[in-house]
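Engineer: What follows is a predicted protein model with its sequence.
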Amino acid sequence: MKLRNLDKFDLIFSILGGAVLLFVIAPLFSMVIKTPAADLVATAAEAEVQGSIFLTLWCSMAATALFAVSAIPLAYLLARKQFRGKRLVIAVIDLPIVIPHSAAGIAILGFINRDSLLGHAAGYFGTSFVGGEGGIMLAMAFVSIPFLLSAARNGFLGVPVRLEKAALNLGASPLRVFFTVSLPLAWRDIVSGLVLMWARGLSEFGAVVIVAYHPIVTPVMIFERFGAYGLKYARPVAVIFIAVCLVLFLVLRLLARERSDVAR
Amino acid sequence: MLRVDSLTKKLGDFEISNVSFDVGEGDYFALLGASGVGKSILLEALAGIMPPDSGHLFLDGKEITHEKIQKRRLVLVHQNQSLFPHLTVRQNIAYGLKCLGRTREVMRRKIGQLAEAVAIEGLLDRYPPTLSGGEAQRVALARSLAIEPRCLLLDEPLSALDNHSRHELRALLREVNRQGYTIIHVTHDFEETISLANRIAVMEKGSIAQVGSPQEIFHHPRSEFVAKFIGIKNFFHGELNGQMGEADSFRTGNFTTGDLSICVYTDHQPGLGHVCIGSDEIVISTGKPSSSARNIFAGVIKDISNTRSGIEVIVDIGREVAVLITPESLVSMGLSYGDTVWIEFKATAVKFFPK
């Protein structure tokens, strides 16, 4: 679109759109340029920072993988079946998006503390969700699972029912139809949902900080350093974490696209 | 082999009601009807995709009304083929064989045989979105034949194809039927039906209007709908008057429809019924003819239109009558809308069917 070909409509919308883009990019860009390279190198070398980033990536990834096992079948049911209370179920699934994440943390803490059924069960195996990786994963999953459910449901809705019926008609069991037709054809959206869930889990602070301040995940570490030492000390951790997430996010997106293109 | 007994299915405002027919082993059975008449719903009910509200379905004497879709071996080929887009042609054909637990060697042999039979050997490693309509339909057919179904259910398989592909696929379907496969073929095209089926069921508003051989349907349409659907334009309800006679003895009678009286030569007894007159058996002229024809009427031209088989002139003689002429006749007679003309046809050209 050449500039001289822009009409007034395009021009106004481009300016408005540009303002939003600037709003997103400017703070991040400012943060990066205000962080000296020496500080970045020194912070990246800290074992505590490395451990925290690894823990955050691992917990979010594990939470995504664990909950995908039941979230994907639920998304399929919501896409294909009609049942009483379906709208209510869909509304409940979206709840974690609308409630404050600190409140979500309180709710999860009540659910997994040592006096709860789940807490007792964990205690039986000599572990505890509160203040542990298990609790962090649960908190991350709670706030991020709507992204996977929504994307997977949309993916399954996009698979023509006639293809599933054709597979049944050729003698396939419903389970085989799911794994050989529905899942591969909805894969692109499901991967997109998985990446979103993982990314949302990585960035979670409110719920995680209530369930487990330690072991310390990176968003909590950034907050801690900001509170204790100020902006200058918190910035390098934030920049490194954003860079790591961005690279992983792009790689996963590219891999998912390649795989989906082959499948189609 | 397949017996459909009083099958009823309501779907929103639409309903197929009390549908019954039998399909014999090796039959090529066509379900003929206009779009939206319920043909596809009926086919899906047979395949088990859509359970009927009531009625029964028997296959080889065994009731399969509530049999699981996977167990029926009544395989449906959709108009839009429903090939799996993420699988190659080879994987599509192998799909049903895998479900049956066939070995790799059996699958390889079977795919090779089918690919040769439907002429898709060069397409086996292609993905469905890259195929033409005709190619995709051949693949869909091969995929269905792979599991050796008891009956093939074809839902308008030729309607989305170009003329060349349609002719090729018709020949292929005839060949498949000759190999002993029973076929139920849903279509709205009478010409397609005539060229393929040995038995036809005409559907009207969710019910079966008539079942019979193509000859029976064409020569003895039981209702105006059937007659119009198979291309008979001149179909009139009325009453045959005249002397009672012995059965099987032909005599002349007058058939009255509205204010019009038509001379009929028939062996039926007087009574209510309907007549058909082939539009190619009526002669049109600009002056009053003098011939042996017993039916000569003056009328006004109401419409002139091109059809695949010639020029159709609609003449109002008290009832609108369609007359088929050649383009040369139209030019030489200089016919145009509103002209007064004469039409004539023999009493023997009028077929009477009692109610």
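Structural biologist: Arrived safely, thanks for sending. Residues are numbered from 1 along each chain as shown, chains lettered A, B, ... in the order given.
Engineer: quick one, phi/psi of residue B:111?
Structural biologist: Comment: the main-chain dihedrals of residue B:111 come out as phi -60, psi -40, following degrees, to the nearest 10.
Engineer: quick one: it and residue B:93 touch, right?
Structural biologist: Yes: at 5.0 Å, residue B:111 and residue B:93 qualify as touching, with contact defined as C-beta atoms under 8 Å. Backbone N, C-alpha and C define where each C-beta goes, glycine included.
Engineer: More neighbours: the two, which one.
Structural biologist: Comparing residue B:111 with residue B:93 by other C-beta atoms under 10 Å in any protein chain shown, the one with more neighbours is residue B:93, at 29 against 23.
Engineer: now the more buried one: how far from chain A?
Structural biologist: 10 Å (C-beta to the nearest C-beta, to the nearest Å).
Engineer: Check residue B:98 too.
Structural biologist: To chain A, residue B:98 is 8 Å away according to C-beta to the nearest C-beta.
Engineer: In contact with that residue: list those residues for me.
Structural biologist: The neighbourhood of residue B:98, defined by C-beta atoms under 8 Å, 6 or more residues apart in numbering or on different chains, consists of residue B:107.
Engineer: Residue B:67 now?
Structural biologist: When contacts are counted by C-beta under 8 Å, 6+ apart, residue B:67 touches residue B:48.
Engineer: The closest residue to residue B:3 other than its chain neighbours and residue B:114, how far apart?
Structural biologist: Nearest-residue entry for residue B:3: residue B:58, 4.2 Å, with adjacent residues in sequence omitted and distances by C-beta to C-beta, 6 or more residues apart in numbering or on different chains. Distance, residue B:58 to residue B:114, by C-beta to C-beta, to the nearest Å: 29 Å.
Engineer: same thing with residue A:101?
Structural biologist: Computed with C-beta to C-beta, the distance linking residue A:101 and residue B:114 is 58 Å.
Engineer: so what's in contact with residue B:111 and residue B:93 at the same time?
Structural biologist: Counting by C-beta under 8 Å, 6+ apart, the shared contacts of residue B:111 and residue B:93 are B:124, B:146.
Engineer: Report the secondary structure state of the residue nearest to residue B:3.
Structural biologist: strand (DSSP: H, G, I helix; E, B strand; the rest coil).
Engineer: That one contacts residue B:5, correct?
Structural biologist: Yes: under the criterion of C-beta under 8 Å, residue B:58 makes contact with residue B:5 at 7.0 Å.
Engineer: so what's residue B:277 bridging to?
Structural biologist: For residue B:277, the beta-bridge partners under DSSP bridges are residue B:234, residue B:350.
Engineer: What's the local residue count around residue 230?
Structural biologist: Reading this off chain A. 10.
Engineer: hmm, I had chain B in mind actually
Structural biologist: Under the neighbour criterion other C-beta under 10 Å, residue B:230 is assigned a count of 19.
Engineer: Quick check: closest non-adjacent residue to it.
Structural biologist: For residue B:230, the nearest residue in space outside its immediate sequence neighbours is residue B:190; the separation is 4.8 Å by C-beta to C-beta, 6+ apart.
Engineer: wait, isn't the one you found in contact with residue B:33?
Structural biologist: No: counting by C-beta under 8 Å, residue B:190 does not reach residue B:33; the two are 10.3 Å apart.
Engineer: mean confidence for stretch B:212-232?
Structural biologist: In this model, stretch B:212-232 has an average pLDDT of 81.
Engineer: what does it contact?
Structural biologist: Outside stretch B:212-232, the residues that touch it by C-beta under 8 Å, 6+ apart are B:32-34, B:190, B:193-194, B:197-200, B:202, B:204, B:209-210, B:235, B:237, B:274, B:276, B:278, B:351, B:353.
Engineer: Just those: which are in strands?
Structural biologist: When DSSP state E defines the strands, the subset of those inside them is B:32, B:199-200, B:202, B:204, B:209-210, B:235, B:237, B:274, B:276, B:351, B:353.
Engineer: list the contacts for residue 71?
Structural biologist: As the question left the chain open, I've gone with chain A. Residue A:71 makes contact with A:145, A:148-149, A:152, according to C-beta under 8 Å, 6+ apart.
Engineer: look at chain B instead
Structural biologist: Neighbours of residue B:71 in contact, by C-beta under 8 Å, 6+ apart: A:171, B:64.
Engineer: Count the residues that sit near the residue of the stretch 101-250 of chain B found nearest chain A.
Structural biologist: Of the stretch 101-250 of chain B, the residue with the smallest distance to chain A, taken as C-beta to the nearest C-beta, is residue B:147 at 6.0 Å. Residue neighbour count, defined by other C-beta under 10 Å, stands at 19 for residue B:147.
Engineer: Name the SS class of the nearest residue to it once chain neighbours are set aside, please.
Structural biologist: Nearest non-adjacent residue to residue B:147, counting by C-beta to C-beta, 6+ apart: residue B:96, 3.8 Å away. At residue B:96 the chain is in helix, as set by three-state DSSP.
Engineer: Residue B:111: what's it in contact with?
Structural biologist: The neighbours of residue B:111, taking C-beta under 8 Å, 6+ apart as the test, are B:90, B:93-94, B:97, B:124, B:146.
Engineer: ok, which pair from those residues is furthest apart?
Structural biologist: B:97 and B:124 (13.9 Å; C-beta to C-beta).
Engineer: Looking at these two, which has the bigger crowd around it?
Structural biologist: Neighbours were tallied for residue B:97 and for residue B:124 using other C-beta under 10 Å; the higher tally belongs to residue B:97 (23 against 17).
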